[in-house]
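Student: Structure for the following, please:
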Amino acid sequence: MTKEKNKDHLYRVSRFTPERLARLPHEVSGYARAIGGMPKSHLEVFDKRGWLLPFLFTYDALLWGRWDYWLEIRQKGTITGSGPIPQIEWADLGSARTLATKNMFTSCLSHHEATIDHFSDWLLWGLASTDEKPRISAKLNEHFYREFDLFLVLDNPTDYLSQVLCDETGKGYKSGLGYFPTPFPITRMMVEMTHGDGDPEEKKRQAVMDPCVGTGAMLLPASNYFLRGYAQDISGIAVKLCKIQMYFYAPWYASPGDVTGYDKMEVPIQLVPAIPSRKGKITTDQFAFAF
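Tutor: Purely as a prediction, here's the structure:
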């Protein structure tokens, strides 16, 4: 899925036993049976919707255990008795590994045909979040296929796609968008100060709402406390990128399913206050992470 490069200092494989590492290909292959096996090359990506999921499930099981936790809840149909939410330790934005991961995203978008829309559609197809095949050339698909490194994204979790969207906007992408994201360390601090205390089991049963979600900078840290969430945003591309990041880090928001055990709440807890428009009602792209 990436170029063959010496990335031992980034992957830190010494953390894992040889036996655990040896199981990874078998686990990927096992998940891939649902899509008829892994793509043998980039040419098969267009015919294998959800081809990234076997990697996502396998790497997450190695690192955080969130998809296993959520899929077990989905299978039981209730959050009751599910135990503590697996916590993500968000990465330091200034570390060498997060910088390398950010550079990987930059490299994905370095192709002369690449746009943030193309890249988001390609990822959504790979994550089985859309039924529409990405409308890109074989050359661009090959570039994404070789450059994108899902393990780095999962191993160094942070709000990468807000940085990507901000960079692309600065280069002229939909210059009227006016995308100015709140830095992730600040949104983390806000969520932890507001929701970090209290009964974890009580929080799991509650729902949160972000009325101007962007790429999910508030919802990502909230996923350490809440299993149910709703969101909307005026930017369609921001909503796409938010969905992608929920697949990466917060499966209960990405794939809520029919799950019981939540408190009945007429109004979800708002992570940030909605800002009314001076021009009246505005059209937003909306989606519910849970039903």
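
Student: List the buried residues in stretch 83-92.
Tutor: Across stretch 83-92, burial judged by 16 or more other C-beta atoms under 10 Å covers 85-86, 88, 90-91. C-beta: built from backbone N, CA, C; applies to glycine.

Student: Using JSON lines, lay out the residues you listed together with distance to residue 259, secondary structure and pLDDT.
Tutor: Supplementary listing: these in JSON lines, determined by distance: C-beta to C-beta, whole Å; DSSP: H, G, I helix; E, B strand; the rest coil; pLDDT from 0 to 100:
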{"residue": "85", "distance to residue 259": "14", "secondary structure": "coil", "pLDDT": "98"}
{"residue": "86", "distance to residue 259": "16", "secondary structure": "coil", "pLDDT": "98"}
{"residue": "88", "distance to residue 259": "20", "secondary structure": "coil", "pLDDT": "97"}
{"residue": "90", "distance to residue 259": "25", "secondary structure": "coil", "pLDDT": "97"}
{"residue": "91", "distance to residue 259": "29", "secondary structure": "coil", "pLDDT": "95"}
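
Student: now those as TSV including distance to residue 224?
Tutor: Formatted as TSV, the buried residues of stretch 83-92 follow (distance: C-beta to C-beta, whole Å):
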residue	distance to residue 224
85	6
86	9
88	6
90	9
91	14
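
Student: shaky segments in the stretch 151-291 of the chain?
Tutor: Within the stretch 151-291 of the chain, the segments meeting pLDDT under 70 span 174-179, 273-291.

Student: Report the contact partners of residue 224.
Tutor: By C-beta atoms under 8 Å, 6 or more residues apart in numbering, the contact set of residue 224 is 85, 87-88.

Student: mind running it again at 10 Å?
Tutor: Applying C-beta atoms under 10 Å, 6 or more residues apart in numbering, we find residue 224 in contact with 84-90, 188, 191-192, 195-196, 200, 203, 249-250.
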